[in-house]
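Peer 1: Structure for this input, please:
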Amino acid sequence: MTTKTISRTLTRWHKVTERLNKEYSDLSKAAKAGLMNTTVTEYLGEVQEARLLQHRDKCLAQFERALAIQDVVTRIRQALGEANDRTGVSRELAEYDKLVKRTNLLSAIFEGQTANLVTIDELKQVKNPPRSEEWRDRGQTKIAVGLLEGKLLENLKAQAEETTAAMYAQADRVADLNKTTLSIELPVDVARIAGL
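Peer 2: A predicted model of the protein is given here:
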């Protein structure tokens, strides 16, 4: 087996694993289909036997090739995992994930404070509140109350803006870390499949 050492960014290696996983999937499906679902309507002689043996050998070759590609994908993923730990990508991704979720939560709460909500101070002035149309609560009165107003709402908006900015900065840090180059030795034929 001829191999060569290939250097690419961490981002590119992720794309390589995607391509190889697709190839693995295609080969394994073809091998399974051939080895498990081959049928004939009747015996047609030695030529048929030869073709069936040829088909079996092709399916077994696809099977072996799929396993070899799977081994390479595992090796790449392990190298990526080590590189991610060494460069801090895993830690930075965890921080990014937190910021994305926090930004979504803060934005949802802020954007949910609409003009049709009644503030706590205005609640005593609401006469004849509308009745619910939902089948579970039909006929019961419902007053949508805005619990956040004034300084609280301004603080929430500022926090949402700060968190969004931090999220963008963190995404840039992760992108920069993913530009780190990683060298991996691969079989030449598998590297060709991945476009390397």
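
Peer 1: going forward, measure contacts and count neighbours with C-alpha atoms only.
Peer 2: Noted.

Peer 1: for the helix or strand where residue 34 lies, the distance to its chain's centre please.
Peer 2: Residue 34 belongs to helix 10-36 when assigned by DSSP states H and E. Computed by CA atoms, centre = their mean, to the nearest Å, the chain-centroid distance of helix 10-36 equals 17 Å.

Peer 1: Please identify the buried residues of the helix or strand hosting residue 162?
Peer 2: Element membership for residue 162 (DSSP H and E) is helix 150-177. Using 16 or more other CA atoms under 10 Å as the test for burial, helix 150-177 gives 156, 157, 159, 160, 163, 164, 166, 167, 170, 171, 174, 177.

Peer 1: Return the set of buried residues in the helix holding residue 34.
Peer 2: Going by 16+ other CA under 10 Å, helix 10-36 has these buried residues: 10-11, 13-14, 16-17, 19-21, 23-24, 27-31, 34-35.

Peer 1: what's the domain layout of the chain?
Peer 2: 3-87+179-193, 114-147 (automatic domain parsing).

Peer 1: Distance-wise, check the spatially most distant residue from the centre of the chain relative to residue 52.
Peer 2: Relative to the centre of the chain, the most outlying C-alpha is that of residue 45, 51.3 Å out, by CA atoms, centre = their mean. For residue 45, the distance to residue 52 equals 11 Å [CA to CA, to the nearest Å].

Peer 1: quick one: low-confidence ranges for this protein?
Peer 2: Low-confidence segments of the chain, defined by pLDDT under 70: 128-141.

Peer 1: Contact partners for the spatially closest residue to residue 166 that is not a sequence neighbour?
Peer 2: Of all residues not flanking residue 166 in the chain, residue 99 sits nearest, at 7.3 Å (CA to CA, 6 or more residues apart in numbering). Counting by CA atoms under 8 Å, 6 or more residues apart in numbering, residue 99 touches 163, 164, 166, 167.

Peer 1: Out of these, which is nearest to residue 5?
Peer 2: residue 167 (35.5 Å; CA to CA).

Peer 1: Wait, that closest one touches residue 100, no?
Peer 2: Yes - counting by CA atoms under 8 Å, residue 167 touches residue 100, with 6.2 Å between them.

Peer 1: Now do the helix holding residue 162: which elements does it pack against?
Peer 2: Packing contacts for helix 150-177, counted by 3 or more CA pairs under 8 Å, 6 or more residues apart in numbering; DSSP states H and E, involve helix 89-111.

Peer 1: Which strands border the helix or strand following the helix it packs on, and is each parallel or antiparallel?
Peer 2: Using DSSP H and E, the next helix or strand after helix 89-111 towards the C-terminus is strand 118-119. When pairing is defined by DSSP bridges, strand 118-119 lines up against strand 145-146 (parallel).

Peer 1: For the strand it pairs with, what is the distance to the chain centroid?
Peer 2: Distance, centroid of strand 145-146 to centroid of chain: 37 Å (CA atoms, centre = their mean).

Peer 1: Contacts for it next, please.
Peer 2: Under CA under 8 Å, 6+ apart, the answer for strand 145-146 is 113, 114, 117, 118, 119, 120, 123.
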